[in-house]
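Colleague: Based on what follows, work out the 3D shape:
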Amino acid sequence: MAFAVPLFNLAPDLTVSRLCLGTMTFGEQNTLAESFQLLDKAFNSGINFFDSAEMYPVPQRAETHGRSEEYFGRWIRERNVPRDSVVFATKVSGPSGQMSWIRNGPESLDAQNITEAIDNSLLRVKTDYIDLYQIHWPDRYVPMFGETDYDPLRHYTPVGFEEQLDALKRAVDAGKIRYIGLSNETPYGIMKFQQVAKSTAGNLQIVSVQNAYNLLCRNFDSAMAECCHNERISLLAYSPLAMGILSGKYFAEDGGPSNARLNLFKGRYKEGESRYDLSKSNVLYAAKSYVEIASRYGIHPVSLAIAFIMRHSLVASVVFGATKVWQLEEVLAACKVNLSPEIITEINKVHSRFPSPCP
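Modeller: You can find the predicted model right below:
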């Protein structure tokens with residue numbers, strides 16, 4: 001079955017599909033053969049945009065570190081996919097105090113760490129360049145992954161924006177990366193990176209920010225949206241299904257499939273369990289309400305969730321994950337869905353009652 005996936009000009013010479021297949025399950029939930037099957041289906045359906053990270057797959061482990069990038073690179077070579085027919089994005093991990101197998105933590109996002117991360121990603125993928133290189137999360141304290149309130153007491157002296165951008169500029173000049181993106185950023189971070197990029201880093205262009213955005217998490221729509229609109233930065237919306245909650249699969253009497261991520265990795269996935277916690281009444285009621293809206297209008301809940309994001313004028317692409325081909329097909333089907341004003345009104349009524357319960 002063919003799907004018409006729309007395109008978006010992320011930069012003058014960088015056109016991406018408005019659906020982006022995330023690879024963070026490759027090498028953990030998905031074998032090499034299963035990953036190839038998903039990549040084949042996505043590419044043949046019109047998706048040209050693929051997202052990874054040096055720390056993937058998740059949950060992160062020393063034994064699997066880097067496999068997602070490796071699997072993508074193997075797919076390009078073994079399927080003889082022309083390199084210029086795909087847009088490959090990946091990310092450098094920020095300081096975490098964990099993942100000791102990645103540059104001792106990593107301890108910081110200084111120039112040495114950024115340069116080493118870029119070179120290692122190129123080696124794993126076995127490619128000459130990365131189309132979009134993103135800072136996975138900031139090298140400074142910011143509330144992330146379910147936190148909302150900024151605590152000044154947690155501030156520490158970070159690596160400067162200048163040093164990070166200088167390292168990225170050298171990689172651009174060397175032809176290792178084409179464009180720069182941010183991820184899990186704040187309005188302050190967006191504006192500081194832009195200020196430095198324009199003034200001291202040789203007029204670098206930051207083209208995107210990859211932040212969570214879905215029916216249960218619409219924090220982007222305030223200050224972040226203003227920054228991105230005025231700075232001409234596009235949103236790559238990740239976690240569009242709120243880790244599967246918005247598909248409705250966890251509302252079954254048995255709690256959903258045993259191989260669904262929040263069940264399979266229970267107790268091992270801090271971000272998912274804290275951010276998308278169905279034991280919180282507002283999360284549960286909001287998610288069920290959106291699934292019920294889809295049912296009333298005869299729309300698959302996955303299509304409702306994806307189509308809602310795709311209609312956003314600042315969203316360049318929706319970064320989604322899939323472990324089964326049928327899940328990928330459900331996401332692709334959203335390209336054929338137009339949400340009526342009546343549906344949007346109902347969605348916004350739920351949002352007014354339960355505003356962004358999964359920040």
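Colleague: so how far is G27 from A33?
Modeller: 12 Å (Cβ to Cβ, to the nearest Å). Bear in mind the C-beta positions are built from the backbone N, C-alpha and C, glycine included.
Colleague: who has more neighbours, the two?
Modeller: More crowded of A33 and G27, by other Cβ atoms under 10 Å: G27, with 23 against 8.
Colleague: How about the more buried one: what's its closest non-neighbour residue?
Modeller: Nearest residue to G27, sequence neighbours excluded (Cβ to Cβ, 6 or more residues apart in numbering): R67, at 2.7 Å.
Colleague: Next one, pLDDT for that neighbour please.
Modeller: The score at R67 is 98. That number is its pLDDT.
Colleague: what's next to stretch 230-241, contact-wise?
Modeller: For stretch 230-241, contacts defined as Cβ atoms under 8 Å, 6 or more residues apart in numbering pick out 8, 10, 20, 22, 51, 89, 181, 183, 190-191, 194, 206-214, 217, 220, 224, 227-228, 246-247, 302, 305-306, 309, 312, 314-320.
Colleague: Filter those down to the ones in helices?
Modeller: Those of the contacts of stretch 230-241 mapping onto helices are I190, M191, Q194, M224, C227, C228, V302, A305, I306, I309, per DSSP state H.
Colleague: Now neighbour count too, for those, in a markdown table please.
Modeller: Formatted as a markdown table, those follow (neighbours: other Cβ atoms under 10 Å):
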| residue | neighbour count |
| --- | --- |
| I190 | 22 |
| M191 | 15 |
| Q194 | 20 |
| M224 | 21 |
| C227 | 20 |
| C228 | 21 |
| V302 | 26 |
| A305 | 31 |
| I306 | 27 |
| I309 | 22 |
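Colleague: Including distance to S356 and pLDDT, could those go into a markdown table?
Modeller: Converted to a markdown table, the ones in helices among the contacts of stretch 230-241 look like this (distance: Cβ to Cβ, whole Å; pLDDT from 0 to 100):
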| residue | distance to S356 | pLDDT |
| --- | --- | --- |
| I190 | 19 | 98 |
| M191 | 22 | 97 |
| Q194 | 25 | 95 |
| M224 | 12 | 98 |
| C227 | 18 | 98 |
| C228 | 17 | 98 |
| V302 | 20 | 98 |
| A305 | 14 | 98 |
| I306 | 18 | 98 |
| I309 | 14 | 98 |
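Colleague: for this protein, what spans make up the strands?
Modeller: Assigned by DSSP state E, the chain shows strands spanning 7-11, 14-17, 19-22, 49-51, 87-92, 130-135, 177-183, 206-212, 234-238, 315-320.
Colleague: Check what contacts the third one and list those residues.
Modeller: Just to be clear, that refers to strand 19-22. Here strand 19-22 makes contact (Cβ under 8 Å, 6+ apart) with 5, 38-39, 42, 47, 49-52, 89, 236, 238, 306, 317-322, 328, 331-332, 334-335.
Colleague: partners of that strand in the sheet?
Modeller: strand 49-51 (parallel), strand 315-320 (parallel) (DSSP bridges).
Colleague: Distance to R296 added to those strands, as a markdown table?
Modeller: Below are those laid out as a markdown table (distance: least, Cβ to Cβ, whole Å):
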| stretch | distance to R296 |
| --- | --- |
| strand 49-51 | 32 |
| strand 315-320 | 23 |
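Colleague: could you dump the ones you listed to CSV with mean neighbour count and distance to A294?
Modeller: Formatted as CSV, the strands paired with strand 19-22 follow (neighbours: other Cβ atoms under 10 Å; distance: least, Cβ to Cβ, whole Å):
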stretch, mean neighbour count, distance to A294
strand 49-51, 27, 25
strand 315-320, 26, 17
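Colleague: Export those to CSV and append columns for mean pLDDT and distance to P138.
Modeller: As requested, these are arranged in CSV below (pLDDT from 0 to 100; distance: least, Cβ to Cβ, whole Å):
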stretch, mean pLDDT, distance to P138
strand 49-51, 99, 18
strand 315-320, 98, 19
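Colleague: Of all those strands, which one comes closest to E346?
Modeller: strand 315-320 (20.5 Å; Cβ to Cβ).
Colleague: how about the protein, which residue sits the furthest from its center?
Modeller: Computed with Cα atoms, centre = their mean, the residue of the chain farthest from its C-alpha average is E253, at 30.0 Å.
Colleague: where in the stretch 151-300 of the chain is pLDDT low?
Modeller: Along the stretch 151-300 of the chain, the model assigns pLDDT under 70 to residues 201, 269.
Colleague: The residue nearest the centre of the chain and S295, how far apart?
Modeller: Compute the mean C-alpha point of the chain, and by Cα atoms, centre = their mean the closest residue is Y238, 3.5 Å away. Y238 is 26 Å from S295, where distance means Cβ to Cβ.
Colleague: can you check N104 too?
Modeller: In terms of Cβ to Cβ, N104 sits 50 Å off from S295.
Colleague: same check, this time on R18
Modeller: In terms of Cβ to Cβ, R18 sits 25 Å off from S295.
Colleague: And those two? Which one has more around it.
Modeller: Per other Cβ under 10 Å, whichever of R18 and S295 has more neighbours is R18, with 20 against 13.
Colleague: Test my guess that the more buried one contacts S317.
Modeller: Yes - contact criterion Cβ atoms under 8 Å: R18 and S317 qualify, at 5.2 Å.
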